[in-house]
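Chemist: Predicted model and sequence below, questions to follow.
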Amino acid sequence: MPTRIYTSEALVSGQQISLDEQAFQHLVRVLRMTDGDCLVLFNGDGRALEGTLCEVGKKQASVLLGNCIAEDAPTPVALHLGQVISKGDRMDFTIQKATELGVTSITPLWSERCDVRLKGERMDKKLEHWRKVAISACEQSGRNRIPEILEPMAMTDWAPTVDTDQRLILHPHNQQPLDTSAQPGSVTLLVGPEGGFSEIEVEQAQRSGFTGLLLGPRILRTETAALAALSVLQYLWGDFRA
């Protein structure tokens, strides 16, 4: 299977585009690709075009764009993940796997028991890093639409702004069986930190229309909970097929 590469350039069949430094390093320096080698490019608009590497030099290379070979179908349900920021590489893992599972957008959140505090330039760098994680996951998984990684917010400020057909919080309060609900066009899933949500935060979420969702009898880690719930939602209402 040809290597898949993201580009921010417009993709028009028959045109030639230059690779950015990161793509050049990966294709030419790491994979040792050269003139005439085939690859696939996407820019997040849902399409993927075949390409041929050309004009490979010491510091730059170009790609001649061919035909559109794939286009992502519209998603049956738009999935938005509100994820309280977790420590270490757990947030990277959640964003990577949520992207593979087809999430539409992700909002990193702060909460009362969140141990991560980033501001200013450090937050900007972390946000850019998370967006690159999502792009890499799209390259690997064959997905041609990149989920939007939104600006971080406090959970209590974010919850009242959510406007989707279904709003779910991973907390054993006011639980409702999902398989009896009508097919929604959009779902927001709210997942807390390692220490869980405070009672005040749960009450705030409930006032904002969030319903409790409990995934079985076991207590799941924050990164496991998000991915398990997204898988269930994709199976019930999305594009998973048993």
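Modeler: Sure, I can see it.
Chemist: which residues touch Leu65?
Modeler: 11-17, 41, 49-51 (Cβ atoms under 8 Å, 6 or more residues apart in numbering). Where you see a C-beta, it was placed from the backbone N, CA and C, and this is true even at glycine.
Chemist: right, I mislabeled it, should have said Leu27
Modeler: Leu27 neighbours (Cβ under 8 Å, 6+ apart): 3, 5, 19, 33, 39, 53, 61.
Chemist: Against Gly36, how distant is it?
Modeler: For Leu27, the distance to Gly36 (Cβ to Cβ, to the nearest Å) stands at 13 Å.
Chemist: least trustworthy helix or strand in this structure by mean pLDDT?
Modeler: strand 211-212 (a mean of 88; mean pLDDT, DSSP states H and E).
Chemist: Now do the buried residues in the following helix or strand past it.
Modeler: Later in the chain than strand 211-212, the nearest helix or strand by DSSP states H and E is helix 222-237. Of the residues in helix 222-237, 222-227, 229-234, 237 count as buried by neighbour count, 16 or more other Cβ atoms under 10 Å.
Chemist: out of the contacts of Leu27, which is most surrounded?
Modeler: Leu19 (24 neighbours; other Cβ atoms under 10 Å).
Chemist: most residues in a single helix of this structure, which one?
Modeler: As assigned by DSSP state H, the longest helix anywhere in the chain is helix 120-141.
Chemist: Now that helix - C-alpha only, PDB.
Modeler: The C-alpha trace of helix 120-141 is given here as PDB (Å, rounded to 0.1, in the frame of the first residue of the first chain):
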ATOM      1  CA  GLY A 120       0.400  30.700  27.100                       C
ATOM      2  CA  GLU A 121       3.100  29.400  24.900                       C
ATOM      3  CA  ARG A 122       3.200  26.000  26.500                       C
ATOM      4  CA  MET A 123      -0.500  25.500  25.800                       C
ATOM      5  CA  ASP A 124      -0.100  26.700  22.200                       C
ATOM      6  CA  LYS A 125       2.700  24.200  21.700                       C
ATOM      7  CA  LYS A 126       0.700  21.300  23.200                       C
ATOM      8  CA  LEU A 127      -2.300  22.100  21.100                       C
ATOM      9  CA  GLU A 128      -0.200  22.100  17.900                       C
ATOM     10  CA  HIS A 129       1.300  18.800  19.100                       C
ATOM     11  CA  TRP A 130      -2.100  17.300  19.600                       C
ATOM     12  CA  ARG A 131      -3.200  18.400  16.100                       C
ATOM     13  CA  LYS A 132      -0.100  16.600  14.700                       C
ATOM     14  CA  VAL A 133      -1.000  13.500  16.600                       C
ATOM     15  CA  ALA A 134      -4.400  13.500  14.900                       C
ATOM     16  CA  ILE A 135      -2.900  14.100  11.500                       C
ATOM     17  CA  SER A 136      -0.500  11.100  12.000                       C
ATOM     18  CA  ALA A 137      -3.400   8.900  13.100                       C
ATOM     19  CA  CYS A 138      -5.300   9.900   9.900                       C
ATOM     20  CA  GLU A 139      -2.200   9.000   7.800                       C
ATOM     21  CA  GLN A 140      -2.000   5.600   9.400                       C
ATOM     22  CA  SER A 141      -5.700   4.700   9.500                       C
END
